[in-house]
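Asks: predicted coordinates and the sequence they were generated for:
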Amino acid sequence: MSLITIDSKKCKRDGICVRECPTAIIKLKNKESLPQLIKGGDDICLRCGHCVAVCPHGALDHKDVPFETCPPIEKELKLSPQQAVQFLRSRRSVRLFKDKPVEKETIQRLIETARYAPTGSNMQLVEYTVFTDKEKISALAGLTVDWMKFMQEKFPDAPTAAYMPMIISAWDMGFDSVLRSAPGLIVASAPKENRNGLVDITIALTYLELAAMPSGLGTCWAGLLQGALLSWDPLKEAIGLPENHVHHYPMMIGYAKPRYYRLPERKPPKINFR
């Protein structure tokens, strides 16, 4: 099978796939011919699936993005503008979780959804390290507190030191304000040589946290853990990311304890049209 296959009975020779291809590797000689790849197109193709998605006739198949794996968009599931705004504004950073584990199957489903997030050049190199054992997660929080104690001792005048005594004191009294006793923790990473890695990770985790909301799950970006993970070797070893991978803000996840009834306002955006 060539990279793309055209069903001659379905194809209308309208050139939609030609105009949509982001790398311009599909050509149409005339209205009597079928679309085809240019010479060397196999090597340039991004495997993005635009050509399969954009054909209204279902005439184009792609070897690496098979038509049969691309379900049709269901019109009845399309959000209205008002529904989209409410959904996005409903997202909260959850810091109180129910004492209930998050099933591995549920996290698997969320990650499966997050893989549809855009990535630079459609490289799709994001990987996930997932913790669902509360004892292991608590140990990671403890290692973060150890880092804080080290930072407070060695660099007492550092800008980050101001909040550390409160976090340490809370931990010593049995309260985890690092990972909030979350039942799940997700660490996304990507190969260091991927120049878009940090952006890809951030977008993927944003997809994941939005996908979690309809299931009653809450998430929170673990900034304290991120700070320690940048430099604290014991924590790096405990998390065990793939070798030569970069990371950006792990994410706590669990069933949200609070229920929200309002959509808090935010500062007006500063917009400069040119």
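Replies: Cool, got the structure.
Asks: for this protein, which strand is longest?
Replies: Determined from DSSP state E, the single longest strand within the chain is strand 184-191.
Asks: partners of that strand in the sheet?
Replies: Using DSSP bridges, strand 184-191 pairs in its sheet with strand 127-131 (antiparallel), strand 245-247 (antiparallel), strand 251-255 (antiparallel).
Asks: in this protein, which spans are helices?
Replies: 16-20, 41-44, 50-54, 81-89, 104-114, 134-154, 164-172, 197-212, 223-229, 233-239 (DSSP state H).
Asks: Throw the ones you listed into CSV and include mean neighbour count, mean pLDDT and distance to Leu28, thanks.
Replies: Every C-beta, even on glycine, is put in place using the N, C-alpha and C of the backbone. Converted to CSV, those look like this (neighbours: other C-beta atoms under 10 Å; pLDDT from 0 to 100; distance: least, C-beta to C-beta, whole Å):
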stretch, mean neighbour count, mean pLDDT, distance to Leu28
helix 16-20, 16, 97, 5
helix 41-44, 13, 95, 13
helix 50-54, 18, 98, 12
helix 81-89, 11, 97, 35
helix 104-114, 16, 98, 35
helix 134-154, 17, 96, 55
helix 164-172, 15, 95, 62
helix 197-212, 21, 98, 33
helix 223-229, 19, 96, 49
helix 233-239, 15, 97, 51
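Asks: do you know how far Phe150 is from Ser33?
Replies: Phe150 sits at a distance of 69 Å from Ser33 (criterion: C-beta to C-beta, to the nearest Å).
Asks: same check on Asp61?
Replies: As judged by C-beta to C-beta, Asp61 and Ser33 stand 18 Å apart.
Asks: and if you look at Gly227?
Replies: Gly227 sits 59 Å away from Ser33, taking C-beta to C-beta as the criterion.
Asks: so Asp200 makes contact with Thr119?
Replies: Yes. Assessed by C-beta atoms under 8 Å, Asp200 is found in contact with Thr119 at 4.3 Å.
Asks: quick revisit: more neighbours: Asp61 and Ser33, which one.
Replies: Asp61 (20 against 12; other C-beta atoms under 10 Å).
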